[in-house]
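Enquirer: Sharing a sequence plus its predicted fold:
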Amino acid sequence: MSLYYGGDYNPEQWDPAVWKEDVDLMRQAGVNLVTVGVFSWSSLEPAPGEYDFAWLDQVLDLLHDGGVRVDLATPTASPPPWFSRLHPEALPVTADGVRLTHGSRDTYCACAPAYRDAARGIARTLAERYHDHPALAMWHVHNEYGSTCYCSFAAERFRGWLRDRYGSLDRLNEAWTTAFWSQGYADWADIEPPRTTQYLVNPTQYLDYRRFWSDELLAAYLDQKAVIRDHSAAPVTTNFVFGGWVPVNHARWAAEVDVVAIDHYPDQAGIGAEEQTAFGADLARAWAGGKPWLLMEHAAGGLNTGGRWHTKEPGRMARNSLSHIARGSRGALFFQWRASRGGAEMYHSAMVPHAGADSARFREIARLGSVLPRLAEVAESRVVADVAILWDVECWWAMQGTHLPSSSLDYLAAVRSAHRHFWHADVTVDFAAPDADLSSYRLVMVPSLYLVSDEAAANLAAYVENGGQLLVGYFSGIVDPDVRVRLGGYPGAFADLLGVRVEEFHPLEDEVELASGGRGRLWSEDVEAVSAEVVDRYAGGVLDGKPAVTRRQVGDGTAWYVSTELDDRTAAKLVTHLVPTVEPQNVAGRPAESARPGAEREAAGVHPGGVLETVRRRGGDTLWTFFINHGGSEVVVPAVGIELVSGTAVDGELVVPGGGYSVLREG
Amino acid sequence: MSLYYGGDYNPEQWDPAVWKEDVDLMRQAGVNLVTVGVFSWSSLEPAPGEYDFAWLDQVLDLLHDGGVRVDLATPTASPPPWFSRLHPEALPVTADGVRLTHGSRDTYCACAPAYRDAARGIARTLAERYHDHPALAMWHVHNEYGSTCYCSFAAERFRGWLRDRYGSLDRLNEAWTTAFWSQGYADWADIEPPRTTQYLVNPTQYLDYRRFWSDELLAAYLDQKAVIRDHSAAPVTTNFVFGGWVPVNHARWAAEVDVVAIDHYPDQAGIGAEEQTAFGADLARAWAGGKPWLLMEHAAGGLNTGGRWHTKEPGRMARNSLSHIARGSRGALFFQWRASRGGAEMYHSAMVPHAGADSARFREIARLGSVLPRLAEVAESRVVADVAILWDVECWWAMQGTHLPSSSLDYLAAVRSAHRHFWHADVTVDFAAPDADLSSYRLVMVPSLYLVSDEAAANLAAYVENGGQLLVGYFSGIVDPDVRVRLGGYPGAFADLLGVRVEEFHPLEDEVELASGGRGRLWSEDVEAVSAEVVDRYAGGVLDGKPAVTRRQVGDGTAWYVSTELDDRTAAKLVTHLVPTVEPQNVAGRPAESARPGAEREAAGVHPGGVLETVRRRGGDTLWTFFINHGGSEVVVPAVGIELVSGTAVDGELVVPGGGYSVLREG
Amino acid sequence: MSLYYGGDYNPEQWDPAVWKEDVDLMRQAGVNLVTVGVFSWSSLEPAPGEYDFAWLDQVLDLLHDGGVRVDLATPTASPPPWFSRLHPEALPVTADGVRLTHGSRDTYCACAPAYRDAARGIARTLAERYHDHPALAMWHVHNEYGSTCYCSFAAERFRGWLRDRYGSLDRLNEAWTTAFWSQGYADWADIEPPRTTQYLVNPTQYLDYRRFWSDELLAAYLDQKAVIRDHSAAPVTTNFVFGGWVPVNHARWAAEVDVVAIDHYPDQAGIGAEEQTAFGADLARAWAGGKPWLLMEHAAGGLNTGGRWHTKEPGRMARNSLSHIARGSRGALFFQWRASRGGAEMYHSAMVPHAGADSARFREIARLGSVLPRLAEVAESRVVADVAILWDVECWWAMQGTHLPSSSLDYLAAVRSAHRHFWHADVTVDFAAPDADLSSYRLVMVPSLYLVSDEAAANLAAYVENGGQLLVGYFSGIVDPDVRVRLGGYPGAFADLLGVRVEEFHPLEDEVELASGGRGRLWSEDVEAVSAEVVDRYAGGVLDGKPAVTRRQVGDGTAWYVSTELDDRTAAKLVTHLVPTVEPQNVAGRPAESARPGAEREAAGVHPGGVLETVRRRGGDTLWTFFINHGGSEVVVPAVGIELVSGTAVDGELVVPGGGYSVLREG
């Protein structure tokens, strides 16, 4: 099959006269899939019970005639204004008790019965009408599930969820440590969401409210999936959005979608956008279990860096798309096809900008659209990775509370940091859950795994005993899934495995020196090396001479401990030290240095502008390598095979153009 | 007639024994007008329906006996506490739904019927009682209209206003682009104010809510004006307050006041306060259509710079007052006469400070009071200005939303910046509305006119075609009055006139170099010079070599485009380049350099502390020139005529004392 | 009697199996007093009216058997969740009108009748049951009184309090200056708490609301004290918490507690924590009228510096405890005995850390526990101090509003600054109320005493006339207790005494030079030296040559005025200049320099890390000196006597170990 190319298409914002031009331009641009109807509820049902499908019928027919397939959305992320008037009790309520008003999007509470009924209803109506439309490729339920609410419906559902989780109030009281501050519950009815309160909130209540919302939103999704499945066998999915405000456990949701789909919007303007792109794509692949997934939305022309839309430089849109595809996406889709004339996101970039199709942006879009069919052969292959970084969204949530010994502790930042060091070393990594089968990895990184279950801790110990190489970062293994400290010395669940014992943390304000010449920052710990070898030590400060980095041989494996946030240079050195043990697996039979221009770059100290990103895919005996050149100058790599973009044979040297990309097939 | 001098007088804060001393001191200080009763409702009507006018009768008689005239206020900006208890539904509600409590001021909703009735009632009562009092000079309705509310009364009035504006929901849906995010309205009743919502608010809804409030507050003002007019022919006004939070279109309100009156409080301590003073005064003159206006309030002794009251240095109060008068004010009034002993503004400076009349502050007040009568002859003359800067408050409001491509875009800052460059070049400018008759100006500046109507755009084009010189700043012409993008390439409404086409914006984080050696910041654009001449180019960065500044000859005129925010030095150079074409009109027959010490200063690089501010006034054949010396050293300017402050003839050289001022009459 | 040693003990968080180990460890650690039951309401009364005292019976018996006495708490600072469900009207309401939810602590309104009844009830039940338990040492009512509420119960109580204070509305209207902004009250029912309002709040209303809350919370405390006293003669106290958010006048409350008890948590990590410790301890001693008081809570291992728990270095916990004891505490107690496994404060350090008793932290706790009995003899002696700094919490509250001429004015910072300068000069100071008998002090400092009564001003004048040395800081004497300005020139109440007159303040943004070479910051004033001698002058700026520091001889005394915030070095010099007049009183017959190593240090410019803190205590003819060495190196001081920690005789030189402490007994 081909790779998907296209984006969100919102014809209801335009005069029908534009629709024909849209389809023509889509053909020019190589678009083969568009998402229709994401925010169309008020267009489809302008008044309660009064439907208008004529425009959608016409659009779907036009698209079909143009050879463009449709990812048909249910519009439930934005009920029409009339819905809020009829059901004000379904408007969401903040932790402060403010009931929000419509006039934006996502102004509903997913726990409100009237909303759930209406969502099922509009989904059923769409499924009934369009299940056999020839343009239909897949179903796109809702949009970016993630809104939380603190209303009384939510409270009631939360209580039910807690009953299911804990069975008894005794168990809940223990898990929540309610004996502290006299919070003991004697009646389920006494439990409320973590609304605004006088002082610090209970950390387990906070975590459970996120767990609950993940399950509740999943139930809302499954409601719709079920009514769609009653009428249609087409794949059903929803577009995952990632962020600290999102109470969704995507790794668990993945089992319920027919294809894992993500939206991806970096928030940095520099090379950080590329680091984030790789991070997001690798995470999506993890959720998909290593199988292909789909980039449902990204931006054609901009990077929104905290209130400023940085314009993507020429070529960058294509490189970012390629990075997603290299890392497993079945294509590249955008929000949105045509830039809106008005509304809150009128300056969100689009495939067809305000300037129209006679524009550099559209020409670049069309150019990429012409290349993708040549890469279709990679679609079902697997990304090659021998390193895994653990990711657990519950650990993130557990660290979002106000109870930690330092507000600088940041799970996402710690994981991003680990990922970034490998990305700059040009080593592709997988993300994995703490309880996943890790046996295929040569190296497993565990950044700040604060919360860990006994089972997951045992899984990691077994991995090492079976010859694995494990590197555990600071502030790991501290609490169990109830956010209760593992007593007797940190790092709790990992103390025995790592052979260390920590009596006290030492959160840092300033940096601390290491004996190796490196530096630690943000955090340090008073480490005793019980049965571990000391690799590096603190130098100066109150921990002077105490172990900072340790290593312990366990069976055939090794367990490292790094008790501080290393500076980038020291972290990169550590990665460089660890990588050779991994690398030969990646490019069988070829010297690592020839295959990894990244390593040369590292040695030459090339700045980020010179980054060449390399990703390998394997399918049967065939190996594909994506070379994405984020630097301004061409890079020459030793290569033999077929370069797919140009369709030419390569015998010795492949020239990757500055700002461009190449895809090599071997075997 | 004389110039007005005085301030807000709040006798109800003081023992009657003080009133006699007040009037004596007013006479000493040359005070001839005081505003009485601004916050007197609870003194005039201490309990519902129980009035106490005895004190006001006595005060007005005392003032009249002392030769001080009265600007009599309606006290409707602060209903008494009993009003809030009787009409809690009239207390204002925030966007979050918080109903405010009394205990400050302005705790009412102007849409609440009970408030509107009560306001009309107290205004009528005052008009009936005092319309023929001999002290009465004018009526001062309310105080600083500007408070917004989001209650259900406001919602209902908003719906009515929208019906009037749009006629049909179809038209509203188009204007608001409600097809985006499923916001389509099928019933007027579904429309709410832009209360707190889940995510980004609709930008047109936001703008319309400000437009609506301007009209609603105007209606509240007109209510009172009408009942006053029923009894009194004296001029009626209200004091305009300026700020981003104020939903008042003063340019439109100006038609409804008998004299445009403003309050002016700079928020900077350095020379910025003087820049802001000129800005505020020039804006007031624009609202007054070039005719005299009135500085109703400024501070006698302080500049409130974000939480710190910077004390005005000796002489500064007088210079600031003079700057207002030079720029068209019929006088200088202060808030307030006597500093309060208690209450929220007890440290707001006053004409009589806490220290009493035996103080440098009061002596300076009295000194200025003795000078003003000598300047009375300028009162009806007109300010001479050949440059106009466009100002449109709706454009400001349209740029206050959250939808812009960069949160650094700031309409007010862009306009202030333009004004500041001319102020430092000592060129007096007018402000003008985009649809005004501009034919008298030699140069028209258009800073970031984001929102512009077709008519206004045509007006500007005609101005250029008829020989005008127009300089359009970045991010102009983008949207129509519905906040809908003008498609086909930016700067939309001005693209043809300027001869440029922009496909994409490039909001900046860092500065960008220009080929001329200057720098741009905050913003840049990918400009194509379609039919324009390139004056300056971007140097380096992604726009390297692209046009930054362009110029196009159109008929007899010229249309410039500046696609970035220029650094001060470069902007000043551009102004210097443009000014000579303007200058000869200002001082007929005299070489520009002799008349404009500012130009010498510019050349000599004198720092802001050395600023000499010059403003010319013309009445018939007479020319007056105000010289206000903000520097510490005397400045000698070539001059022939009569210096009014000293009453002496000048024949060749006029010495303007350091920190002082002179007013020259010629002809 | 012995010194108290122990902490909050929360056995309800642990399995009964741990309790026995707890008591064994307490014995090891020398613990003799624990506070039990602070947050036990939901454990003691798990459901309405259903009590479970079995666990508390058992714990108290175990403690008694182990020789540990009990400070038994009433658990009223955290009603159980069921209470909130039964009495939602008793949940607190913010100024915005948000009703808080339980799930933290302190989620009650102290004005709610249901809460007050319930609090009395549980206190009575505990008093009835445990009044004769042999372990009972004292009663600990509630915890850290300080939560405010804005609900309608609070409003009603506020009105009653205002009636009591003012008697008539006329008097209230005058005190509140309600003539400003039309706030005149004609009915008590119109008065509301200072809830969120449109603009600046009335400053006297704000202050009165804090005064009211102090009295209301005191009434709530006295409710419980009364029911306890019905059954028990044991001392009753509550633990005072200090902070800007706390509406409690501890100086007035002190009369109602049998022992003044404080919690103390510095918020700095460096030597500032030691400065704050001395500050807090000296303030507690002032509240206790110079008599012994009790450190009820501090942290065994951490300093919470705005979101980061800085770990106390080895020895620091002991030094901090000693500093409290030296300054009058009858012992040192901690929150808490055993670190919680879960809950919002699970990372609050404890005597027994998560690592368990096999830890450096516990060993240090046990070491201190072994030392304290050797110091018991100091318990009833008095701290020697000849300098007083005035402290008035109402002055602090009066300066918390939004009405001041500079938001940088900060009463607490000004007082801390004065205290800090003496601490670094190693001079022990007392705090005193403005109306206290000051005759025993040689020097009295008056930092920013903005609000002062006539009586207090007269008290200070009499102090000087009787030979006292008084130093008044800027922004003093300005308003009376109604927050009404004293007219005629600042510093109002002190102008005559100081012989200066100030017409205007000059709040500073940048620093200002002084003729002496020093610098002022934050604030300056245009001082006229009417009858005072000028000690230092402003140099440069608008006040160039004007007096900055003045001195006036009054009878046998001297009155200084410092009109700016001096830089640290200049302030230290001034203290050094003033101190010799004080010092000989401290250490009779011994040259000051030998007794005050701090003075040598000052001369040698030793950095804060080298601070030796010295505190003297006197009891009859016996003099004890605490030497606390915050530096890393040993310090040798001339000394003769018995060193109590080691129990050895000293004859000439005492070596205070680096990071350690010594206590010398003489006479």
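Expert: Right, received. Where do you want to start?

Enquirer: which residues does A:Asp536 bridge with?
Expert: Beta-bridge partners of A:Asp536, counted by DSSP bridges, are A:Val549.

Enquirer: Now do the same contact list for it.
Expert: By C-beta atoms under 8 Å, 6 or more residues apart in numbering or on different chains, the residues touching A:Asp536 are A:514-516, A:518, A:547-549. For glycine as for every other residue, the C-beta is placed from the backbone atoms N, C-alpha and C.

Enquirer: right, and the pair among those residues with maximum separation?
Expert: A:Gly518 and A:Pro547 (13.8 Å; C-beta to C-beta).

Enquirer: which residues of chain A score low on pLDDT?
Expert: A:1, A:580-610 (pLDDT under 70).

Enquirer: circling back to that earlier point, out of the contacts of A:Asp536, who's nearest A:Gly315?
Expert: A:Gly518 (35.9 Å).

Enquirer: and the closest one, how far is that from A:Leu543?
Expert: 14 Å (C-beta to C-beta, to the nearest Å).

Enquirer: just A:Met445 next, same as before
Expert: As for A:Met445, its distance to A:Leu543 is 24 Å (criterion: C-beta to C-beta).

Enquirer: So those two - more neighbours on which side?
Expert: Ranked by neighbour count (other C-beta atoms under 10 Å in any protein chain shown), A:Met445 and A:Leu543 place A:Met445 first, with 28 against 23.

Enquirer: tell me the secondary structure for the nearest residue to A:Gly103 once chain neighbours are set aside?
Expert: Spatial nearest neighbour of A:Gly103, chain neighbours left out: B:Thr197 (5.0 Å); criterion: C-beta to C-beta, 6 or more residues apart in numbering or on different chains. With DSSP: H, G, I helix; E, B strand; the rest coil as the basis, B:Thr197 sits in coil.

Enquirer: I'd assumed A:Gly244 was in contact with A:Cys412.
Expert: Rather than Cys, residue A:412 is Leu. Yes - using C-beta atoms under 8 Å, A:Leu412 is in contact with A:Gly244, at 6.9 Å.

Enquirer: So which residues on the stretch 301-450 of chain A come close to chain C?
Expert: Residues of the stretch 301-450 of chain A lying near chain C by C-beta under 8 Å from any C-beta of the partner chain: A:402-408.

Enquirer: Among the residues you listed, which one lies nearest to chain B?
Expert: A:Thr402 (22.5 Å; C-beta to the nearest C-beta).

Enquirer: So that closest one belongs to a helix, correct?
Expert: No - assignment of A:Thr402 by three-state DSSP gives coil, placing it outside any helix.

Enquirer: quick one: contacts for it?
Expert: A:200-201, A:203, C:344.

Enquirer: Distance of it relative to A:Thr197?
Expert: Counting by C-beta to C-beta - A:Thr402 and A:Thr197 are separated by 11 Å.

Enquirer: Give the buried residues for stretch A:428-439.
Expert: By neighbour count with 16 or more other C-beta atoms under 10 Å in any protein chain shown, stretch A:428-439 contains the buried residues A:428-436, A:438.

Enquirer: actually stretch A:94-113, not the one I wrote
Expert: Going by 16+ other C-beta under 10 Å, stretch A:94-113 has these buried residues: A:94-112.

Enquirer: cool, and stretch A:320-334?
Expert: For stretch A:320-334, burial by neighbour count (16+ other C-beta under 10 Å) applies to A:320-334.

Enquirer: same deal with stretch A:132-148?
Expert: In terms of neighbour count (16+ other C-beta under 10 Å), stretch A:132-148 has its buried residues at A:133, A:135-148.

Enquirer: Of these, which is the nearest to chain B?
Expert: The closest of those, once distances to chain B are taken by C-beta to the nearest C-beta, is A:Ser147, at 6.3 Å.

Enquirer: what helix or strand is the closest one on?
Expert: Per DSSP states H and E, A:Ser147 falls between elements, in no helix or strand.

Enquirer: on that earlier part again, which one (most neighbours) among the contacts of A:Thr402?
Expert: A:Pro203 (28 neighbours).

Enquirer: Surely that residue and A:Arg484 touch.
Expert: No - in this structure, A:Pro203 is not within contact of A:Arg484 by C-beta under 8 Å, at 9.8 Å.
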